[in-house]
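**Q** Would you be able to build a 3D model of this:
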Amino acid sequence: MTYLPIYQDIKHTFVSSDSLVHYTITDANDNLLYEGSAYRKPGQEKAFIYINRIVSSNINIKDITSPSLSWVNGYATFTAVVKEVALNNTVYRTTYRFVYNWDYESGAYTATENINYPVTTEVSPNDTIPISYWIGDTAPHISAKYHFPDGTESTTNLDYTGVITNDINTINIQSSINRTALVSSDSVDIMVGDEIINTYRTNSCNRYTLYYYNKRGGVDVIPLNGGLTKAEDFDRTIFNVEYENSSNSNIAKKVINNNITTKYTATTRFMTDEQAARFAKHFLSSPAVMMHDNVDDETYSVILDENSAEYKTFKSNGRQFNQYTFTFSLTHTKKVL
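**A** Sure, this is the predicted structure:
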């Protein structure tokens, strides 16, 4: 079964050569999503529509509310059925299957796909390591192999045991393993079958960690192990009052409301060109980000404040290693009345 990336323009050409075609778009359960008409343009044999543009808002990913994800189905696929009614009342149906993918690079999904693109594979022993991949018609064998300082190894089975739904799924390996193994290991290999898809090294000492969706719908992690500063922005509502200027102590203005937004400025560690490209492409444009405090075990909903992304390279950066400074804000505001 083939699933098409939602970013890719898919032209649906109607079967009928009528100058006007009425059509509907439904989901897999025949729920009506859209109803419209298409006109055949001058010089064209048949009318057409771009089906992905119409149904793109129907593909959603779950909000990241906790790092403790355990086989979370991302609602990241969508089936659209185009029903065409010709002028002679003949009905034609065409089915399209789409997957959440906004990377503007990869093609259709037909089998298991690894969709983790971590900027760095250095993590804290207290971090959650999300594993994200597209499940095809059969679930692959997934495991975590731990490497310990004394040279020994330990492998934990992470196989998916749910119903195959042809969807993007995320597993938190700390929900399926003995946490002691991650804390005491030097590194862990995430394996699909006999292939190592990522190796994470537990050599970072960070209190805060960001979890985010990349452009292919996978959940990745960035430990905030560089500089991190906290600040607050104030948005005051001020009321002018009538006063006498005979005394400097007479009040001329009062603050009746003060909305407070908590902001953070973070600096990354040095990055390779490949890491910088992943950071610029997958992280800075992410639509969903969460920060986790590994000490207090608190989770915060955040939003990135960056409006652009520079693709840095060692050469373009004056033959210096790449490094980024970025800001993000808590989505919850505080108030002082």
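**Q** any low-confidence regions in the stretch 51-200 of the chain?
**A** Along the stretch 51-200 of the chain, segments meeting pLDDT under 70 span 65-75, 160-183.
**Q** for it, what spans make up the strands?
**A** Using DSSP state E, counting those that start in this stretch, the strands of the stretch 51-200 of the chain run over residues 72-73, 77-85, 91-99, 113-114, 130-134, 142-147, 153-157, 168-172, 187-192, 195-201.
**Q** Look up the pLDDT of the residue of the chain most remote from its centre for me, please.
**A** What lies farthest from the middle of the chain is residue 246; by Cα atoms, centre = their mean that is 59.9 Å. Here, the pLDDT recorded for residue 246 equals 88.
**Q** Residue 32 and residue 147, how far apart?
**A** Using Cβ to Cβ, to the nearest Å, residue 32 is found at 54 Å from residue 147. Just so you know, the C-beta spots here come from the backbone N, C-alpha and C atoms, and that holds for glycine as well.
**Q** Comparing these two, which residue is more hemmed in?
**A** Neighbour count, other Cβ atoms under 10 Å: between residue 32 and residue 147, residue 147 has more, with 17 against 10.
**Q** That one reaches residue 189, doesn't it?
**A** Yes - under the criterion of Cβ atoms under 8 Å, residue 147 makes contact with residue 189 at 7.4 Å.
**Q** Can you point out the buried residues in stretch 217-236?
**A** Neighbour counts over stretch 217-236 (16 or more other Cβ atoms under 10 Å) mark 217, 218, 219, 220, 221, 222, 223, 224, 225 as buried.
**Q** Off-centre distance for it?
**A** Averaged C-alpha coordinates place stretch 217-236 at 16 Å from its chain's average position (Cα atoms, centre = their mean, to the nearest Å).
**Q** First-to-last residue distance for that stretch?
**A** With Cα to Cα, to the nearest Å as the measure, stretch 217-236 spans 38 Å from end to end.
**Q** what about that stretch, average pLDDT?
**A** Mean predicted confidence for stretch 217-236 is 92.
**Q** Can you give the domain ranges for the chain?
**A** When the chain is parsed with automatic domain parsing, its domains come out as 4-67+76-99, 113-228+261-336.
**Q** Redo the ones you listed as TSV? Include distance to residue 237.
**A** Shown next, in TSV, are the domains of the chain (distance: least, Cβ to Cβ, whole Å):
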stretch	distance to residue 237
domain 4-67+76-99	30
domain 113-228+261-336	10
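**Q** Name the stretch among those domains that sits most buried.
**A** Stretch with highest mean neighbour count among the domains of the chain: domain 113-228+261-336 (a mean of 17; mean count of other Cβ atoms under 10 Å).
**Q** Please report the distance of the most centrally placed residue in the chain from residue 266.
**A** In the chain, the residue lying closest to the centroid (Cα atoms, centre = their mean) is residue 213, at 1.5 Å. In this view, residue 213 and residue 266 are 18 Å apart by Cβ to Cβ.
**Q** Check which helices and strands the longest strand seen in the chain is in contact with.
**A** Secondary structure assigned by DSSP state E gives strand 253-267 as the longest strand of the chain. The helices and strands touching strand 253-267, judged by 3 or more Cβ pairs under 8 Å, 6 or more residues apart in numbering; DSSP states H and E, are strand 228-240, strand 325-330, strand 334-336.
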